[in-house]
Every structure is written in structure tokens, then in C-alpha cells.
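J.: From the sequence below, what's the structure:
(2 chains)
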Amino acid sequence: MFGYAGRILRIDLSTGKTKISPLSEEYAKKYIGGIGLGMRLLLDNSKPGVDPFSPENPLILTTGPFSGTMAPTGGNGHAFVSKSPLTCGLGEAKSHGFFGAELKRAGYDAVIFENRAEKPVYVWIDDDIVQIIDAKHLWGKSPVETEDAIREELGDYYIRVASIGLAGEKLTRVAAIMNDATRAAGRTGMGAVMGSKNLKAIAVRGTKDVSVADPDGFMEFVKMMHERMKGPATVKYRTLGTPLNVLVHNSLGALPTRNFTNAVFEGAEKVSGEYLNEHFVVKLNGCSSCAMRCEHIAVVPEGPYKGTTTRVEYEPLWAFGPHCGVDRMDAIIKAMDLCNYYGLDSLSTGNIVGFAMDCYEHGILTKKDTDGLELEFGNAEAMIELVHKIGKREGIGDILAEGVKRAAEKIGKGAEKYANHIKGLEMTGYDIRGLKTAALGYAVSFRGADHNRHGAYGLDLKGTVDRFKVEKGRAKLVIDLENLYTIIDSLIICKFSRGTYYEGFKDLARYYTLVTGIEMTPEELELTGERINNLGRLFNIREGFTRKDDHLPPKIMSTPIPDDTVSKGSYITQEELDLMLDDYYATRGWTRDGVPTLEKLKELGLEDLAHIVEGKIKTKKRAK
Amino acid sequence: MSSIHARKFVSADPDKCVGCCVCEYACSYEKEKTFNPVKSRIRVVRLDSLIDMSITCRLCENPPCVLACPRDALSQSEETGIIIVDEDKCNGCGWCIEACDYGAIMLHPEKKVVFVCDLCDGSPKCVEWCPEEALDFVTADVLAQKARISAVKKLFQEALRSETS
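T.: Numbering: from 1, shown residues only, chains lettered A, B, ... in the order given. You can find the predicted model right below:
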């Protein structure tokens, strides 16, 4: 095979046995790689209803067909897929850097980690040789310390490592899997699944060739992409980076502030991308084979957190900044750095802190509960302390480490009103009360609250549609984006480069064929995107999800935006949500309960999964 | 023999390098028609997220690699200064690797002989592909000129800044 390694590695962590099976061309073409292939392998290799922390829940690691090639932003990705301990539905998270390319060069399209090691171990994949090594000495170490220690003890400085920190070890449900020091497969708690397997790290060294089907055509295409990546589509990422969003969202009344109490932040200037780049960013880095470079490395120059160095993106900046009412950039950078240290999803963690602050402001949590921390909005020091507590599962951190949904259940006293999540996954930095197309995308996303499954906020923010209005036809816009986004995450190209594929599926299909030699039309690729979205839905249905799980966070549906801004008064009613869902399900070819029909599955070539929907198509009534 | 002043080599500017390894991919493709950094003549090093730099052969005068070779398998081109490997004589013993201060000469993963940058016949593909224009095909003299210019620029900027503040 070209592009693909053609091999799937299976590692049974309890017996230490490994097995290699071929990747069929059928699976390659139907599920592409990345999250698509990972989701199919998860469905094939798991039973319904298992606890995400049970040994029976496999952790699946995949690369994409472009990983290891020179494809700019496509050459370096990897994805983790498993049942999420946050949503108990489909969990998936991608990361970039260097790890994915190394894994492909070692000769694997996917690695399936099964069962649980008896004691802490790490897996060492040295091309064809796979070893399970005792990790007692690494337990408790941060991901960066783990990377360094593994390189040192194996004596090879080009080894790439994906690992968990203390948070993953302690089954913190918002734990991430970190790689290459600054990169994270952050969302849906994949680090906790890894921790539940006693798997501290995956170390990889790959020295094999990765070759493409049409080298000359491919290089010509890559040259074109290099040129495009110097153009307007990537300016944002090459200059201020994603933190540019802060002032844009703020001016549009779409910057969630103080746990969605407000949609405008008075301290926005001080946490803006402009301020960040002027005072903190010292270096931009690129991932393997990238022609853009986006990684903004910030260093705190003075004050109590002097010297703290971390990569900064909008979402974690938002989560610890406006979302917690904090306008101190040094503290925000420190909080992000701590997330990397403990191996936490910084986005979910910032959400949790903001949730706890909201509870504190409303008297649901008191100083007694927080070990004396005064958790008012804006208290930067308390925020830092709370991240430590979550990372270590100390005191209140033990409850909060469960994520906002479970934490609210445990805290009680009406805390669920402040728990802004969808399907158990914490919200992201878009105030969807006034971004109603995006709101639909969030509600139906198979991994829970997420802007990255659809990117429909773009339509709202750019004014392509009336963002305060709900109307039939929006579903089609969301679906077209979703189908594209699942392909992006299955090829594992970087979303920051999405604007450089001027002709969308046409560009991507051609790219795919140049790399793999497998014929693919733009229409087939779009259908594949639809197939993979349906796979996500099928997994969730198999785990018991229904229409009522396509919900929105409490504040989105209860609290109109109070600020004097363009979005003032906007929120989403149940009627509006129902209208959007009806439109969406109908356009997807699903029943009114959101279940793919047998005809739809046949059209997508997913007949073999029909058993999942059997009995669910006619018997269930539409939920209120 | 061409003067050392006339010899151009590939130099990386650490202020511009982002560690993306595009040079490695371009090199392995140019030389071996595949994508594989271990077959690249130029390699990237990243330290602590803050330092990125790619390194390849500097075409040293009296090259230590040539001097170290016990089998006379290495020689330096009189014309360009590149290191020429006689693959029939080289047995991969690695004395040259130990002698090179920059890790620029390496053992080939399959051929069991050493390999090193050959400047792609005078138009290095890594330089052509580098998206950040961090690589330069340049003589030592011009490097020094450029360094002086940027140092003076920096000094003046600092002077101007302290005057205005």
C-alpha cells in the first residue's frame, strides 16, 4: 500500500501478547484513517455498555494515510479513539507534532491497546519490535519528564512519546494524552482511559520509508499547498494565532464570560491575542512537515510565574481567562502550563474552574468545601490552586476531576444549573446563545460540546447567515461542514489549514489518490464523511444515546445574554432546539428520534451495523 | 582548489527555523525518492520548545571526517568542498561520525555506508523548500556580513528604544 503502512498492531496489555493484522483496502477507503478508522475499529473490538475504565474498553491509536509523508499539516497527525469516560459515548481526540509520523514510519496505521496491565508499564514500539516495559519509575512524572526519561533510558533522542501525567494515572476524567512536549490529544478524557490500562506512555521509533503512489504528482500538489499556506487562508495562524478570537468574539457579544454569565468580557484587551503576542510570545514552532507554523510559545517575563513557558491557543486561554473572569495573562499561561504538567485537557479544566467559581458565587460551594480557597470569579491565584487540586485529585479537586456533569451531581444543591456541558463534555469558547447555527452543530456533535466537529460558528460570525435566527435549512449547512470535518480528522490534516483546500472535497480526494493510489472521487469522499458521522451516531446509539442527549448546556437555554451588545437578549428555547433537531435528523435521513434508517445504512455501506438500530426505529416515541 | 571563501554551504538561521522538518522530507525525497528523515542529509534539532535548528555539512577546511577515515573512503571535492564518499571503500566503521562536531555525516540505514550533504549539484532542495526561508546556501563570508548587519540593526533598535522610553 502507499501512504498507508497496511498494518494494524494489537497489544494485549494483560498478557503482553502482540499481533499484527493487515489493513484491508476496503477499510482504508471506507474509513480513511484517523478518527474514521478508529471509530470502526472501536465498534469492531468492543462490547456495548462496558465501563470506559473497564479493561474491555480498548484504546485505539491511529495515524492517517498522509502521516509520515511530506503533506503539509497532514504528515504529522495521530488520533486516539475509545469510549469516553466523560460522555460514555464516542471519545476521540487528535494531536499533531511528530509522534504520528514516527508511528507510521514504524509501520502502523493503527494500534489497538486491549485489556489492562497489572502494574504501570509503557509500550516501546521500535519498528517491528514491540516491548512492554515496567514504568514504576515513571509513575507520577509529568508527560515532559516521562518523554525525557524514556529517551534517556532507551538511548535514542529521536524517540517520540505520547504519555499521560498524574491526571491520567488518577483517572481524572478530563485527562489528556500529551506528545512532543506541547501537544495534546485533549478532549473526551482519552488520558484517563490510558491510565485505566496502567499504560503510562507509548514510545515510538520508526525508521521505515513512507512512499506515495504518484510521487511527481504528489510533490507538485505539495508545492501548490506550500504556496497556498503562505497566502491569506493561514494569515491568522501565522500571525496572532487563534487568540485573535478574543477581541473578535468580544466585539460580537460571543465571548462566554464567567461561566456563560456574560458574553462580553471587560478585561478582554488584557487577554487578547494582540496583548499576548506583544508581551509573551517569544517563538513560533511548526509541526513535522508543516508549511504554516502556528505554535505560539509564550514565556512569562516577570512576576510570580516568571519563566513559565507554554504553547498558547485560544480555547485554553478563553477557558482560564474570560470564562473564569481572569484578566491576568501570566496566570492564564501558568494554568495552561500546569495542565500540560498534570496531563489535563486545558479546555475542560478551565471550564471546571469556572463552574466551581459560579457555584461559589452562588453559595453552592463555600470556603469550607474549597479548603479555604476564595473562588470568586477573577481570582487568579485561586484558579491556579484549583488546577493543582484537580491535577492531584486533592480535596474539592477530587470531585471536580470528574468533569462538570458528574461534579454537579455530586455537589447537588442545584449545581447542575451551572454545569455547562453537552453529553458530559465541557463547553468551548463560543457563546452559542447568539450563534444559533453553531448551536445545532454543538447539540448533535457525537463527542459532546464541540466547535471542532462542524465549525458552523464561522457561518454565524462571518454573517453568512442571521446568527440570531433559527430556520429550516440550517441543518444542511451544518451537515455539509460535519462531513468535511470528519474527513479532515480522518485524513488527519490540521484544521488550521482547512482554508487552503480551496476546492474542498475535490482537492482532498485528489490529494488522497496521489498519496494512496486508491481511486476516490470528491462525491465518494463526501459520502465517506457522511458514513463516518453516521458511525459516530451508531456508536452512541449502541451505548444508549437518544434524542434527549442532543441537548444544549443549561445556561444556553435559560439565561438570555444580559450585556449591552449586539447579541443582547439572545438565547435558545426548547422549541428552537426541536426545530433544529427535526430539520437535522430529516436532512441526515434519520428518524425523528435521530436513528439512522436501514436505507441510510445501506446507502452508506454500513449494513453490517444494522443490528445497532434494529428495534430502535419504530418502537421509540419522540422524546419531549 | 577553490578557496574556502568561495565555498557555499547550507546554513540555518535559528531565529527563523521552526523545526518543521520540511528540509528532511525534501532531502530524503530528492536523494532517495521516499519520505524518511533517517535518509535525510540535513537533520533538525529542537530543544525545550524554544530552540529549533537544522544542521548539515559545513564543508570544513581540512575536514576532520576525511582525516579520521582509516580506509581513505572520504575525500573533499576541490571544486565545491563537499565530502565525497567512496561507497566501495567505506565499511561503516563510524570514525568519521565521531570526528564530525555537527553530526552531519551519518550511517545510512540500509546501505551500511556513511552519507553526507552533497549540495544537490549546487541547488540544495532543502533551501528551495524551506517554508520559513530559514535556510541559506551561502559562503562563510556572506554569513558574517549578514550577522554584522543584523547585530547592528539590533543595537540601533535597542538604542532607539532606550532613547524614546
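
J.: residues in contact with the residue positioned nearest the centre of chain B?
T.: By C-alpha atoms, centre = their mean, chain B has its centre lying nearest to residue B:56, at 2.3 Å. By C-beta atoms under 8 Å, 6 or more residues apart in numbering or on different chains, residue B:56 lies in contact with B:9-10, B:41-43, B:102, B:104, B:117, B:126. C-beta: built from backbone N, CA, C; applies to glycine.

J.: Can you tell me which of those end up in helices?
T.: Counting by DSSP state H, these place residue B:126 in helices.

J.: Select from the contacts of residue B:56 every entry located in strands.
T.: Counting by DSSP state E, the members of the contacts of residue B:56 that fall within strands are B:9-10, B:43.

J.: which parts of the stretch 201-350 of chain A sit against chain B?
T.: Within the stretch 201-350 of chain A, the positions adjacent to chain B are A:207-212, A:215, A:219, A:226, A:229-230, A:282-293, A:295, A:297, A:299, A:309, A:311 by C-beta under 8 Å from any C-beta of the partner chain.

J.: A helix includes residue A:133, no?
T.: No: applying DSSP: H, G, I helix; E, B strand; the rest coil, one finds residue A:133 to be strand, outside a helix.

J.: report the longest helix in chain B, please.
T.: Chain B, longest helix under DSSP H: helix B:140-164.

J.: ok, residues contacting that one?
T.: B:4-5, B:7, B:9, B:11, B:136, B:138.

J.: Need the max-distance pair from the residues you listed.
T.: Among the contacts of helix B:140-164, the pair separated by the greatest distance (C-beta to C-beta) is B:4 and B:136, at 17.0 Å.

J.: which of the ones in strands among the contacts of residue B:56 has the most neighbours?
T.: residue B:10 (26 neighbours; other C-beta atoms under 10 Å in any protein chain shown).

J.: before we move on, back to that, how near is the residue nearest to the centre of chain B to residue B:127?
T.: Taking C-beta to C-beta, to the nearest Å as the measure, residue B:56 falls 10 Å from residue B:127.

J.: Tell me which stretches of the stretch 401-550 of chain A form helices.
T.: A:404-411, A:436-444, A:457-461, A:474-491, A:505-516, A:522-542 (DSSP state H, counting those that start in this stretch).

J.: Please give me every residue in contact with the residue of the stretch 201-350 of chain A found nearest chain B.
T.: For the stretch 201-350 of chain A, the residue closest to chain B is residue A:286, as judged by C-beta to the nearest C-beta, at 3.4 Å. With contact set as C-beta under 8 Å, 6+ apart, residue A:286 has these partners: A:292-295, B:18-20, B:131-132.

J.: just curious, which of those is nearest to residue A:21?
T.: residue B:20 (33.3 Å).

J.: Might one say that that closest one is in contact with residue A:294?
T.: No: with contact defined as C-beta atoms under 8 Å, residue B:20 does not reach residue A:294; the gap is 10.7 Å.

J.: more crowded one of the two?
T.: Legend: neighbour count by other C-beta under 10 Å for residue B:20 and residue A:294, higher for residue B:20 (30 against 24).

J.: check contacts around that one.
T.: A:286-291, A:293, B:44, B:131-132.

J.: Identify each buried residue in the helix or strand of chain A with the lowest mean pLDDT, please.
T.: Within chain A, no helix or strand scores below helix A:235-238, which has a mean of 92 by mean pLDDT, DSSP states H and E. Neighbour counts over helix A:235-238 (16 or more other C-beta atoms under 10 Å in any protein chain shown) mark A:236-238 as buried.

J.: Check stretch A:233-248 too.
T.: For stretch A:233-248, using 16+ other C-beta under 10 Å, the buried residues are A:233-234, A:236-238, A:240-248.

J.: do stretch B:71-85 as well
T.: Under the neighbour-count criterion of 16+ other C-beta under 10 Å, stretch B:71-85 has B:73-74, B:76, B:80-83, B:85 buried.

J.: Among these, name the ones in helices.
T.: Using DSSP H, none of the buried residues of stretch B:71-85 sit in helices.

J.: closest to chain A among those?
T.: Closest to chain A, out of all of those and judged by C-beta to the nearest C-beta, is residue B:85, at 20.2 Å.

J.: Taking the stretch 501-624 of chain A, what residue is nearest to chain B?
T.: Using C-beta to the nearest C-beta, the closest approach of the stretch 501-624 of chain A to chain B is made by residue A:515 at 10.3 Å.

J.: quick one on the thing from earlier: neighbour count winner among residue B:4 and residue B:136?
T.: Set residue B:4 next to residue B:136 and count neighbours by other C-beta under 10 Å: residue B:136 wins out with 19 against 14.
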